[in-house]
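J.: Task: produce atomic coordinates for the following.
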Amino acid sequence: MTMRTLLTAAAIISTAGFGVGHSPASQNSSHTSIIPLAFASADAQRGEALVAFDPQSDLLPPEAWAKADPADSLYRLAREAMARGDYKRAAEIFHRIPERYPQSAYASQSIYYEAFALYRSGGDDDLSTARDRLKQLKQKDAKIWKSDGAVLFTRVCGELAKRGDQDCAKSTYDAAEGGNDVVSGQALTIPGQGRSCDPDADENNDERIMALQALLNMDAERAMPILKQVLARRDACSVALRRKAVFLVSQKRTAETASLLMSVARSDPDQETREQAVFWLSQVPGSTPLLEEILKGNGDENIKDKALFALSQQNEPRAAQILRDFAARENENSDLREKAIFWLGQRHSTENTEFLRGLYSRLTNQDLKEKILFSLSQQRGAGNEQWLMNIAVNPKEDIELRKKALFWAGQSGVAISEMSKLYDRVNDSEMKEAIIFGLSQRQRDPGAMDKLFDIAKNEKDAELRKKAIFWLGQSRDPRVQQFLMDLINK
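T.: Residues are numbered from 1 along each chain as shown. This next block holds a predicted model:
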């Protein structure tokens with residue numbers, strides 16, 4: 001799981017997905033398409049919450065492949081019902097295929113997709129029936145069970161457990177705790193005997209992770225000991241489990257949540273798992289001292305980067321002070337200091353504004369100064385536009401910084417009259433060109449357009465006149481057409 005994925009997950013609590021069934025061996029590939037949500041029936045909508053964020057939940061069964069098969073027409077009808085989102089009807093038709101034609105090439109697929117359609121319907125009885133059908137699938141077709149059925153079963157049983165089914169609750173806890181098959185209670189495949197050890201492999205097809213995911217909506221008293229056991233593992237094949245466990249721990253608001261995540265951040269052998277632990281600290285109240293500890297240490301810069309983000313999500317004043325202290329430390333990595341400055345700019349407060357202005361005057365690093373210009377431009381209503389203009393007119397400042405300050409002042413809404421006066425006052429052609437560009441970005445302001453017309457008509461520097469004419473040509477001002485005609489006929 002990448003950190004980009006994590007940023008998305010911070011906004012929504014994603015539900016784990018599952019497979020969509022194997023296409024037959026005679027097929028080269030499985031043809032799939034997305035079911036339009038607009039066609040979803042009322043029955044189907046009842047189960048929508050179960051898989052709202054499941055990227056694979058609406059994939060269709062493979063297209064019919066055995067035209068001579070006696071169940072071919074039924075399979076096509078069931079598939080059409082799935083495409084309409086009529087899951088009740090699809091489940092009914094899929095059920096008929098193995099019942100009437102047990103030797104059909106479609107029989108095993110139909111058992112799987114009957115269970116899938118029932119799961120999508122979402123009722124208690126539907127889920128119980130789906131569980132029973134998947135148990136039948138395990139006995140009938142080990143290949144489809146192993147590839148897709150086991151994962152769907154774990155998902156179905158996890159949902160039933162949340163609704164009070166004691167058998168499923170016990171099976172799910174046992175599977176998460178001991179790595180047992182949810183159906184039989186037998187040990188799952190151990191490392192080196194068939195299970196993938198790739199931590200970035202598709203977690204939607206791993207029943208171990210499905211079992212862990214089912215702990216999300218269960219009580220913390222029972223879930224936390226299991227999650228702690230998972231996080232204590234160090235074998236290569238537990239990396240994906242530990243990454244998932246880190247997220248699940250962050251969602252359990254207990255007295256030990258923050259300290260457990262901190263322990264992972266310090267000691268887990270997997271870099272991505274450590275980074276995720278720090279990231280999820282941003283969601284845990286009371287984690288500010290732990291994040292400060294990370295920033296004061298000499299640890300990994302990627303970990304510090306996540307700690308800066310996590311602090312930016314904390315609302316307490318101490319978090320902002322830690323960010324300010326870090327931004328001011330000259331011995332820290334400049335890229336990380338830029339991050340701290342950026343996050344301070346996103347937290348509008350008098351303390352942050354005054355700090356950033358003061359820090360600017362002490363810095364010699366051009367990149368850091370530029371980041372402060374941007375950050376202050378994001379804080380409207382604090383007088384920063386005038387402060388930026390003061391930088392722009394200061395001849396002692398680097399010309400590039402003056403141009404950047406001018407641009408951000410314009411974006412912050414500095415008065416057009418200020419920009420116009422500055423144009424008349426400066427002699428540097430680069431600054432004048434920057435002002436012309438700034439005016440061009442304020443086309444809805446009549447004063448900005450008036451000044452561009454004035455420059456196009458009266459500026460002595462031909463290159464600057466051309467710039468003004470160019471930007472006028474990009475505007476929708478009704479006067480431009482006649483002005484250009486006058487120039488052509490001049």
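J.: contacting residues for residue 357?
T.: Applying C-beta atoms under 8 Å, 6 or more residues apart in numbering to residue 357 gives the contacts 372, 376, 387. Yep, even glycine has a C-beta here, placed from its N, CA and C like the rest.
J.: Excluding chain neighbours, what is closest to the last one?
T.: Spatial nearest neighbour of residue 387, chain neighbours left out: residue 357 (6.2 Å); criterion: C-beta to C-beta, 6 or more residues apart in numbering.
J.: ok, now how distant is the closest residue to residue 475 other than its chain neighbours from residue 418?
T.: Excluding its sequence neighbours, the residue lying closest to residue 475 (C-beta to C-beta, 6+ apart) is residue 443, at 4.8 Å. Taking C-beta to C-beta, to the nearest Å as the measure, residue 443 falls 17 Å from residue 418.
J.: and if you look at residue 372?
T.: Residue 372 sits 21 Å away from residue 418, going by C-beta to C-beta.
J.: of the two, who's got more company?
T.: residue 372 (27 against 16; other C-beta atoms under 10 Å).
J.: Give me the three-state assignment for the more buried one.
T.: Under the three-state scheme (DSSP: H, G, I helix; E, B strand; the rest coil), the conformation of residue 372 reads as helix.
J.: I figured it was touching residue 358, is that so?
T.: No: using C-beta atoms under 8 Å, residue 372 is not in contact with residue 358; the gap is 10.0 Å.
J.: Residues touching stretch 374-394, excluding its own?
T.: 341-342, 344-346, 348, 350, 352-353, 356-357, 360, 373, 397, 401-406, 408-409, 411-414, 418, 422, 425-426, 431.
J.: what do you get if the cut-off is 6 Å, keeping everything else the same?
T.: 341-342, 345, 348, 353, 356, 397, 402, 405-406, 408-409, 411-412, 414, 418 (C-beta atoms under 6 Å, 6 or more residues apart in numbering).
J.: Double-check that residue 229 belongs to a helix.
T.: Yes: assessed with three-state DSSP, residue 229 lies in a helix.
J.: gap between residue 243 and residue 232?
T.: 14 Å.
J.: more neighbours, the two?
T.: residue 243 (24 against 13).
J.: Near residue 333, how many other residues are there?
T.: 12.
J.: If you drop the residues flanking it in sequence, what lies closest to it?
T.: residue 301 (5.7 Å).
J.: hang on, the earlier thing: are any of the contacts of stretch 374-394 buried, and if so which?
T.: Listed as buried from the contacts of stretch 374-394 are 341-342, 345, 353, 356, 397, 402, 405-406, 408-409, 411-412, 414, 418; burial here means 16 or more other C-beta atoms under 10 Å.
J.: and of these, the nearest to residue 74?
T.: residue 342 (59.2 Å; C-beta to C-beta).
J.: Quickly find the element holding that closest one.
T.: Using DSSP states H and E, residue 342 sits within helix 334-346.
J.: can you dump the C-alpha coordinates of that helix into CSV?
T.: C-alpha atoms of helix 334-346 as CSV (Å, rounded to 0.1, in the frame of the first residue of the first chain):
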residue,chain,number,x,y,z
SER,A,334,16.0,21.7,4.1
ASP,A,335,13.4,19.7,2.3
LEU,A,336,11.8,18.7,5.6
ARG,A,337,12.0,22.3,6.8
GLU,A,338,10.1,23.3,3.7
LYS,A,339,7.4,20.7,4.6
ALA,A,340,7.1,22.2,8.1
ILE,A,341,6.8,25.7,6.6
PHE,A,342,4.1,24.5,4.2
TRP,A,343,2.0,22.9,6.9
LEU,A,344,2.3,26.1,9.1
GLY,A,345,0.9,28.0,6.1
GLN,A,346,-2.1,25.8,6.1
